[in-house]
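Q: Give the three-dimensional model of this entry:
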Amino acid sequence: MTTYKQMLSTISDDGTLTMELVDREMPIPKSDEIIVRVDATPINPSDHGVMFGAADVNAGSTVDGKFVAPVSKQLMGRMKARVGQALPVGNEGAGVVIEAGDDKYAQSLIGKTVAVMGGGMYGQYRCIKAVMALPLNEGSTAKDGASSFVNPLTALSMVETMRLEGHEALVHTAAASNLGQMLNRICQADGVELVNIVRRDEQANILKEMGAKYVVNSSSDSFMKDLTDAIHETGATLAFDATGGGSLASDILTAMEAAAARTPGAYSIYGSVKHKQVYLYGSLDMSQTTLTRGYGMAWGVGGWLLPNFLAKVGPEVGVRLRKRVADELTTTFASHYNHEISLAEALQADIVKAYNAKKTGEKYLLLPQKDL
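A: Reported below is the predicted structural model:
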C-alpha cells in the first residue's frame with residue numbers, strides 16, 4: 001500500500017504539544033472526490049491555532065524529528081477539548097490532481113492545477129470533494145495558487161461585509177500584512193476608502209508606496225488624532241481588527257465616535273446614531289480585549305470568521321468571489337514568500353520559532369514534495 005507524509009498536531013494530557021510527520025495510506029477517491037498532489041501550501045497565522053494550541057512555542061525543541069513544546073497548567077483548560085486528538089494541519093494549498101472518482105466533473109480535473117481549502121493541507125496528498133477545488137487559470141502555478149483562499153477571500157469578504165451592512169468605508173489593523181496589502185489593492189480598484197493601522201514607520205512606507213491614502217501608526221504619540229482625522233475624512237464606521245487583544249478595538253470605536261461628533265448637530269447623550277462596528281478576526285495579541293465604552297450606545301464588537309461569512313451569504317456569492325481570485329491571482333491577490341521549506345524543515349525548532357513570530361514581510365511557503 002502506498003503511503004505519504006502528513007503533519008499532525010497533538011496535545012497530550014501531561015501538557016505536551018507534539019507536531020510530527022506520520023505515514024498515511026493513500027486514499028481511494030469516492031465518485032465525487034479527487035486526489036491532489038500538494039505542491040505548495042502557505043503557513044498563515046490562521047494555521048497556528050491548530051499547530052500550536054496554547055503551547056509555549058519559544059520553549060519548544062525538536063526531538064527525533066518531532067517538534068515538542070510545553071503547555072502551562074494554567075492554559076491546559078483551554079485545550080481540554082483537543083487533548084489526545086491528532087489533528088491534521090494546514091488550511092489551504094495547491095497542486096495537481098492526480099486521480100479522481102468516476103464523477104464526470106471530478107474526472108475533468110485530472111492533470112489540472114487546483115487550489116484547495118479544507119484542512120489537512122500540510123501533507124503530500126489531499127483527498128477532497130471535487131467541488132471544493134478551485135481550478136486555476138491556464139499558466140498559473142501551484143505557488144501562484146497556494147494562498148488562493150484564506151487571505152484573498154478574507155479581504156474580498158471584508159469589503160462584501162461592508163456593503164451588506166451599509167457601511168461606506170473600512171478600517172483595518174495589521175494593515176501591512178499580506179492580507180492587508182491585498183485589501184488595499186481591492187479597495188483602490190473598487191473605489192473604497194480604507195484607513196490602515198500599522199505599528200511601525202517601515203510598515204507605513206510599504207503601504208504608502210502602494211498608493212494607500214490613509215495610514216496611521218499606533219505607536220505614534222499622535223495616533224488617536226491621526227486616526228480620528230482619517231475616519232472623519234473617510235466616514236468609516238466598520239473595522240476589522242487582526243490583533244484581537246488589548247485596547248485597539250476600543251480605540252477605533254472611540255475615534256469613530258469622535259469623528260462623528262465633528263458633524264454639526266450630531267451631539268446626543270446617547271452618542272452618535274450611526275452604528276459603529278469592530279470585528280475581531282485574528283488574535284495577534286492574546287491578551288484580554290479591553291473596552292472603555294465611551295462611544296455612546298450604537299456600537300458593536302464581535303468575532304468574524306471567513307467560513308462563517310461564506311456560509312451566511314451562500315454559494316452564489318462564494319462562486320463570484322472565487323472567480324475574481326482566479327482571474328486576479330497574479331495581480332491583486334499575488335502572494336510573496338520569503339522562505340520555502342519542506343515538511344521536515346517546518347518541524348525544526350529554529351524555523352518554527354521564526355514563522356511563529358508572524359513578522360510582517362516574513363511569509364513561509366511549505367513545499368510538501370521537497371526533499372522526498
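Q: what secondary structure does residue 228 sit in?
A: Assigned by DSSP: H, G, I helix; E, B strand; the rest coil, the conformation of residue 228 is helix.
Q: show me the contacts for it.
A: Contact analysis of residue 228 by CB atoms under 8 Å, 6 or more residues apart in numbering lists 255, 258-259. Where C-beta positions appear, they are placed from N, C-alpha and C, glycine not excepted.
Q: May I see the residues you listed organised as TSV, with pLDDT, distance to residue 135 and secondary structure added?
A: Formatted as TSV, the contacts of residue 228 follow (pLDDT from 0 to 100; distance: CB to CB, whole Å; DSSP: H, G, I helix; E, B strand; the rest coil):
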residue	pLDDT	distance to residue 135	secondary structure
255	97	43	helix
258	95	48	helix
259	95	44	helix
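Q: Of the residues you listed, keep whichever come out buried.
A: Among the contacts of residue 228, the ones that count as buried by 16 or more other CB atoms under 10 Å are 255, 258-259.
Q: tell me which of those is nearest to residue 172?
A: Of all the buried ones among the contacts of residue 228, residue 172 sits closest to residue 255, with 13.6 Å by CB to CB.
Q: Just confirm that closest one contacts residue 227, I think it does.
A: Yes. The pair residue 255 / residue 227 is scored as a contact, 4.3 Å apart, by CB atoms under 8 Å.
Q: So, low pLDDT: which residues of this protein?
A: Scanning the chain for pLDDT under 70 picks out 1, 265-267.
Q: please redo it, this time with the cut-off set to 80
A: Of all residues in the chain, those with pLDDT under 80 make up the ranges 1, 263-269, 360-361, 372.
Q: now residue 259: how far from residue 321?
A: Relative to residue 321, residue 259 is positioned 30 Å away (criterion: CB to CB, to the nearest Å).
Q: top helix in the protein by residue count?
A: helix 150-164 (DSSP state H).
Q: Show residues contacting the next helix or strand after it.
A: Under the assignment DSSP states H and E, the closest C-terminal helix or strand after helix 150-164 is strand 169-172. Residues outside strand 169-172 that contact it (CB under 8 Å, 6+ apart) are 158-159, 162, 180, 183, 187, 192-197, 231, 234-240, 242, 252.
Q: switch the cut-off to 10 Å
A: 155, 158-159, 161-162, 179-180, 183-184, 187, 192-198, 214, 216, 227, 230-231, 233-242, 252, 255-256, 276, 278, 281 (CB atoms under 10 Å, 6 or more residues apart in numbering).
Q: Please produce a PyMOL select command covering the buried subset of the residues you listed.
A: Only the buried entries of the contacts of strand 169-172 go into this PyMOL selection, using 16+ other CB under 10 Å:
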select buried, resi 155+158+159+161+162+179+180+183+184+187+192+193+194+195+196+197+198+214+216+227+230+231+234+236+237+238+239+240+241+242+252+255+256+276+278+281
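Q: In helices only, show me the contacts of strand 169-172.
A: Per DSSP H, the contacts of strand 169-172 map to helices at 155, 158-159, 161-162, 179-180, 183-184, 187, 227, 230-231, 233-234, 252, 255-256.
Q: from what I can see residue 132 touches residue 33, true?
A: Yes. Using CB atoms under 10 Å, residue 132 is in contact with residue 33, at 9.4 Å.
Q: Now the common contact residues for these two.
A: Among the neighbours of residue 132, none is also in contact with residue 33 (CB under 10 Å, 6+ apart).
Q: The two: which is more packed in?
A: Neighbour totals were compared for residue 132 and residue 33, and residue 33 leads with 20 against 14 (other CB atoms under 10 Å).
Q: Was I right to think the more buried one contacts residue 116?
A: No. Residue 33 lies out of contact with residue 116 (CB under 10 Å); the separation is 11.6 Å.
Q: what's the overlap in contacts for those two?
A: The overlap between the contact sets of residue 33 and residue 116 (CB under 10 Å, 6+ apart) consists of 128-129, 132-133.
Q: quick check, nearest of those residues to residue 289?
A: Distances from residue 289 to the shared contacts of residue 33 and residue 116, taken by CB to CB, are shortest for residue 132, at 33.1 Å.
Q: Now do the closest one against residue 329, distance only.
A: Distance, residue 132 to residue 329, by CB to CB: 18 Å.
Q: repeat for residue 300
A: Residue 300 is 34 Å from residue 329, by CB to CB.
Q: Who has more neighbours out of the two?
A: Legend: neighbour count by other CB under 10 Å for residue 300 and residue 329, higher for residue 329 (23 against 10).
Q: Quick check: phi and psi at that one.
A: phi -60, psi -40 (degrees, to the nearest 10).
Q: got it, and residue 250?
A: phi -70, psi -40.
Q: ok, now residue 136?
A: Dihedral pair for residue 136: phi -80, psi 150, per degrees, to the nearest 10.
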